[in-house]
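*Asks:* only geometry, no sequence info:
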Ligand code: CDT
């Protein structure tokens, strides 16, 4: 019997600073109801899906920073989403900022969770590739202070859920081949990725026009090269004056886009995903056991950065 999972993309339009979590959860519930009506087993929401994308601001007041973080999950504001998941029998992936208790202290993570059809959290992920910068950089039109506000996670794991092998990643992770390969080595069949991607990239504004292209390029390559489904979901549109890309899409192990959102607002798109479709790639072109040559890949884990340019000259890090 084929292993079919109906996966819905639960794209969000902007969340402004004044929007409450209760208002946002109502929007998430509306998307879940729509997804359910379309036959969804699972709905994928964006990264930091409960608040505005606060890393665009340099905030010094610790209490104000913490106001964007969740100290428990579920909590009073998000409980209705968990209740609805159980009532409808629709699982979900949700990104949020987490203030975790660790070793007697508090740690801030950019987090996602996977919730099953019974409303139970079955896996949690801490964003590994935390982008942006640590310090206030007033020359930018807006900040991208994720490095200041989030500690990086340190593992990509998979979980058995929805009849298959599921993995999670968050936003910038989708640009890195390592993300998909580490999940691929664990047999991943569906990678769920929420994102917030401003159209304007201050250190490389010449990339702005390519932002939607790079979004698909990364996720399509990751899907094909690891024989896995990939679901990428945006928080899109103009949030507090900053425009972010939409482009939410579902990609098959063939690398083909099989469903996509077309607006930059709250929108559901759905596809019927056959998890058994992964095997034809995992057993042929990307049969890792047969074809990978790990002895040639040592540098991947031995080195962090490039050490010499191709012409042998020392590589200089750019100013930004
Ligand atoms: N949220 C997130 O990771 N966004 C980054 C923006 C570019 S890095 C400043 C991304 O990779 O889409």
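*Replies:* Right, received. Where do you want to start? These numbers come from a predicted model, not from an experiment.
*Asks:* any chance you could map the strands in the chain?
*Replies:* 4-11, 42-44, 91-102, 105-115, 121-126, 158-161, 164-170, 190-195, 229-234, 237-239, 242-244, 249-251, 257-260, 267-274 (DSSP state E).
*Asks:* For the ligand, which of the ones you listed is the nearest?
*Replies:* For the ligand, the closest of the strands of the chain is strand 190-195, at 5.6 Å, according to CB to the nearest ligand atom. Quick note: C-beta positions are derived from backbone N, CA and C, even for glycine.
*Asks:* Next, the angle strand 164-170 makes with the closest one.
*Replies:* Counting by axes from the mean of the first three to the mean of the last three CA atoms, to 10 degrees, strand 190-195 lies at 20 degrees to strand 164-170.
*Asks:* Would you indicate which residues of strand 190-195 are buried?
*Replies:* For strand 190-195, burial by neighbour count (16 or more other CB atoms under 10 Å) applies to 190-195.
*Asks:* and these as JSON lines, adding pLDDT and distance to the ligand?
*Replies:* Shown next, in JSON lines, are the buried residues of strand 190-195 (pLDDT from 0 to 100; distance: CB to the nearest ligand atom, whole Å):
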{"residue": "190", "pLDDT": "99", "distance to the ligand": "21"}
{"residue": "191", "pLDDT": "99", "distance to the ligand": "15"}
{"residue": "192", "pLDDT": "99", "distance to the ligand": "15"}
{"residue": "193", "pLDDT": "99", "distance to the ligand": "10"}
{"residue": "194", "pLDDT": "99", "distance to the ligand": "9"}
{"residue": "195", "pLDDT": "99", "distance to the ligand": "6"}
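*Asks:* from those residues, which is closest to residue 47?
*Replies:* residue 194 (3.8 Å; CB to CB).
*Asks:* Could you measure from the closest one over to residue 26?
*Replies:* 19 Å (CB to CB, to the nearest Å).
*Asks:* same thing with residue 171?
*Replies:* Counting by CB to CB, the gap from residue 171 to residue 26 is 24 Å.
*Asks:* got it, and residue 124?
*Replies:* From residue 124 across to residue 26, the span is 24 Å (CB to CB).
*Asks:* Looking at those two, which is more packed in?
*Replies:* Between residue 124 and residue 26, counted using other CB atoms under 10 Å, residue 124 has the larger neighbour count: 17 against 13.
*Asks:* pretty sure the more buried one contacts residue 111?
*Replies:* Yes: assessed by CB atoms under 8 Å, residue 124 is found in contact with residue 111 at 6.4 Å.
*Asks:* Provide the backbone phi and psi angles at the residue of the stretch 1-150 of the chain found nearest the ligand.
*Replies:* Nearest residue of the stretch 1-150 of the chain to the ligand (CB to the nearest ligand atom) works out as residue 131 at 3.6 Å. Main-chain torsions, residue 131, degrees, to the nearest 10: phi -90, psi -180.
*Asks:* Cool, thanks, talk later.
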